[in-house]
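I need the structure of the sequence given here:
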Amino acid sequence: MLASDEDGGTLEALKFSLASDIVELLVLTTDGIFLQTLRDAVGGARRLWHVLSADKVSDLLVAGEVGIVVLDAQALHEAAGVFVAQIKRQFPDLVIVAAGHRDDETSLAGLISAGLVYRFIHKPMSPARAKLFAEAAIKRYEDQRRRAAEVPRLRGTSSSSRIWLTGAVGTLALVAAVAWMVQQSGGEDSTAPPAAEAAGPVAAEVSEMARAAAALAANRLTEPPGDNALELYLGLLARNAADSNARAGLSEVHERLLARAENALLEERLDEAAAAIETARKSGVEGGRIVFLTAQLAKSREQLKTAQAQVQQLARARTSPKADEDRVTPLLNLATQRIAGGSLLEPNRDSARFYVLEALRADPQSTAALDAKRALASRLLEDVRSAIDRREFAHAAALVDGANGIAVPANIESVQGLLAAARKQADVDAWGQLLKSANERLLQDRLIEPANDNAKYFYLTLKQLDPGNAALSSVLQDLGTRLASKARRALILGQTDAAKSWLDEAGAIGFTSAELSSVQRDLDTALAKQNFMTNLVPANQLTLLKSVQPAYPAKAQGKKLEGWVDVEFTVSEAGKVKDVAVRAASIPGVFEDAAVKAVSQWRYQPILRDTRPVPVRTQIRVRFVLS
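Numbers count the residues shown, from 1 in each chain. Now for the predicted structure:
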């Protein structure tokens, strides 16, 4: 498997992730050229996975966050239709795009008309067309997610896709049942019993719903009159505006009409696209998608008009007396084709830019070559602005570089200013999101966990990207104070390792305060005491000046018991014994008190270090033996 090259945790990737959710694409193909074209189209903003066989697809779908699957029919051979149906049943929310040749499209026609395959890509394809297909699929997936978050679910399940599939199966079953009833009644007396007459309205409504579902399943969206999904669902809603199944069916009709329009636009069938948009508008579709598609249609027509004008101009040039000697015209023909296909800068020696420059090199004074240069410059600058609007800054910068030597320097300077301003605004937005996330994690008390999603992480990231941000000091003060409080609490509970860890976290962000210093001193004292209590000086290194024999417990003496007690104690700077503690005893509860009382009265010669007496901790075994 190959992931995209931009898979690492760079700052650019971080900025993108703050702006939108990542939509992963999975591509099943053995065609290296097709795969690279898709990679170029998707770019670094989307993660793209590649597999060579169908058995790897489900593993990635289960393990990842794949929203779009691109299936090369040549990699699936004759099993394409079966495989698509299987993964769509298992993952109904996927957006599936198929690719192949005309005969492959024919074999998948049923799945395309049923909506299981969202788009079909004809191979081979240009990077520009691949980009249009990828953007359409991503938009489809994001629209699905938005509708899933906004539209109330139908009853009985939490998965909208499963509801729709279950409803569709149920409705088709209803179609079969109604058809059977009609067939059975055909050979009997047409006179129905009274009970059947009473159920007439309900049966009629059920029959209408079944007809509507059957028309939708057959993709009869607006034709023929009187027996198409649009008219049937509208009729049901006219009788019962609250019918949720009819509303869902009408919504699917609208979606398929828009999909027809989008597909026609992507395939550059502009008259068909115009008819589909008009049909969708008349069917009741409103809102931003109709406006967007209408604008895209107008833009595509304008581009086609421009390309046709250029072709006509070149055709007129070919009729001149110098046509046989003209080396410029063939180059300009290729340039015009590349502009129309979107290959403005790539491939390096087969792009519009390459052919325009070659034409100018052949004849710097050619009017046609200069016109082609201006047309290419206009298209490049237009694409720069579009890339800036989409916040695809790396792509915009590459287009600006490609425009050097083509566009007027003043125009290049203008779009460079737009690009710089957009990048700055994107940085400001990203920094604002980082600050917001840091404050949210502080309120949630997620100071250092989980990794890459905590207050410390967002604070340090913001500090690296925007060290002069005025809000940094406030976040630092709040975060540092909370870390110091955590350290103090751990110290009170005797958790010295935890206290040290919290103090280290506070130091890592550069926080200082009087309370933090106080906790550090108390921790040092606790650690010193802990070290003192655990580092015992062997008793044979001490000089005993006075010892007191323990009194033999009467109870033990009467029972003739013997034993021992291990005691641990401190020898003070004056040689006195204090802080006596029993660590072990041969017979618990018998000799301990006598041993502690005796040892407490002992005296030792003080231990000197650097000529100064110091306290030490030691341990000794007191034995009880009958004489």
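
Residue 296: helix or strand, and which one exactly?
With secondary structure defined by DSSP states H and E, residue 296 is part of helix 288-318.

Buried residues of that helix, list them for me.
For helix 288-318, the neighbour count (16 or more other Cβ atoms under 10 Å) marks 289-290, 293-294, 296-297, 300, 303, 306-307, 310, 313-314, 317 as buried. To be clear about C-beta, it is placed using only N, CA and C from the backbone, and glycine gets the same treatment.

Stretch 449-460 too?
Buried residues in stretch 449-460 (16+ other Cβ under 10 Å): 454-459.

try stretch 578-593
The neighbour-count check on stretch 578-593 (16+ other Cβ under 10 Å) flags 580, 582, 585, 590-592 as buried.

Same check on stretch 108-121?
Neighbour counts over stretch 108-121 (16+ other Cβ under 10 Å) mark 108, 111-112, 114-121 as buried.

Please name the strands paired to the helix or strand harbouring residue 25 in the sheet, noting orientation.
Using DSSP H and E, residue 25 maps to strand 24-28. Strands adjacent to strand 24-28 in the sheet, as given by DSSP bridges, are strand 48-51 (parallel), strand 66-72 (parallel).

closest to residue 261 out of the ones you listed?
strand 66-72 (19.9 Å; Cβ to Cβ).

Check what contacts that closest one and list those residues.
23-31, 34, 38, 49, 57, 60-61, 80, 83-84, 87, 93-100, 121, 123, 134, 137-138, 141, 145 (Cβ atoms under 8 Å, 6 or more residues apart in numbering).

Could you pull up phi and psi at the residue lying closest to residue 353 once chain neighbours are set aside?
Using Cβ to Cβ, 6 or more residues apart in numbering and skipping residues adjacent in sequence, the residue nearest residue 353 is residue 345, 5.4 Å away. Dihedral pair for residue 345: phi -120, psi -20, per degrees, to the nearest 10.

these two touch, right, residue 345 and residue 404?
No: with contacts counted by Cβ atoms under 8 Å, residue 345 stays clear of residue 404, the gap being 11.0 Å.

Can you pick out the residue with more neighbours from the two?
residue 345 (19 against 11; other Cβ atoms under 10 Å).

if I look at that one, how far off is residue 357?
11 Å (Cβ to Cβ, to the nearest Å).

for residue 396, same thing?
Taking Cβ to Cβ as the measure, residue 396 falls 21 Å from residue 357.

ditto for residue 69
According to Cβ to Cβ, residue 69 stands 40 Å off from residue 357.

ditto for residue 430
Using Cβ to Cβ, residue 430 is found at 38 Å from residue 357.

Same check on residue 297?
Per Cβ to Cβ, residue 297 is found 32 Å from residue 357.

Give me the below-cutoff pLDDT ranges for the stretch 451-600 of the chain.
In the predicted model, the stretch 451-600 of the chain carries no residue with pLDDT under 70.

packing partners for the biggest helix by length in the chain?
Selection of the longest helix in the chain by residue count, based on DSSP state H, yields helix 409-443. Contact partners of helix 409-443 among helices and strands, from 3 or more Cβ pairs under 8 Å, 6 or more residues apart in numbering; DSSP states H and E: helix 11-19, helix 367-389, helix 393-403, helix 455-465, helix 472-492.

With only the CA atoms kept, save stretch 221-232 in PDB.
The C-alpha coordinates for stretch 221-232 follow below in PDB (Å, rounded to 0.1, in the frame of the first residue of the first chain):
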ATOM      1  CA  LEU A 221     -37.100   9.900 -13.000                       C
ATOM      2  CA  THR A 222     -39.200  12.300 -15.200                       C
ATOM      3  CA  GLU A 223     -40.300  10.100 -18.100                       C
ATOM      4  CA  PRO A 224     -42.700   8.700 -19.300                       C
ATOM      5  CA  PRO A 225     -45.500  11.100 -18.300                       C
ATOM      6  CA  GLY A 226     -47.800   9.700 -15.500                       C
ATOM      7  CA  ASP A 227     -45.400   6.800 -14.700                       C
ATOM      8  CA  ASN A 228     -42.200   8.500 -13.400                       C
ATOM      9  CA  ALA A 229     -40.800   8.700  -9.900                       C
ATOM     10  CA  LEU A 230     -41.100  12.500  -9.700                       C
ATOM     11  CA  GLU A 231     -44.800  12.700 -10.600                       C
ATOM     12  CA  LEU A 232     -45.700   9.700  -8.400                       C
END
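
which outside residues touch that stretch?
The contact list for stretch 221-232 (Cβ under 8 Å, 6+ apart) reads 208, 211-212, 215-216, 220, 249-250, 253, 256-257, 279, 283.

repeat that with 6 Å
211-212, 215-216, 220, 253, 256, 279, 283 (Cβ atoms under 6 Å, 6 or more residues apart in numbering).

CA-only coordinates of the helix or strand immediately after the helix holding residue 296 in the chain in CSV, if you can.
Using DSSP H and E, the helix or strand that directly follows helix 288-318 along the chain is helix 328-341. The C-alpha coordinates for helix 328-341 follow below in CSV (Å, rounded to 0.1, in the frame of the first residue of the first chain):
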residue,chain,number,x,y,z
VAL,A,328,3.8,28.2,-35.7
THR,A,329,0.3,26.9,-36.4
PRO,A,330,0.8,23.2,-35.5
LEU,A,331,2.3,24.4,-32.1
LEU,A,332,-0.6,26.7,-31.5
ASN,A,333,-3.1,24.0,-32.3
LEU,A,334,-1.5,21.8,-29.7
ALA,A,335,-1.5,24.7,-27.2
THR,A,336,-5.2,25.3,-27.8
GLN,A,337,-5.9,21.6,-27.2
ARG,A,338,-3.9,21.6,-23.9
ILE,A,339,-5.7,24.8,-22.7
ALA,A,340,-9.1,23.2,-23.4
GLY,A,341,-8.0,20.1,-21.6
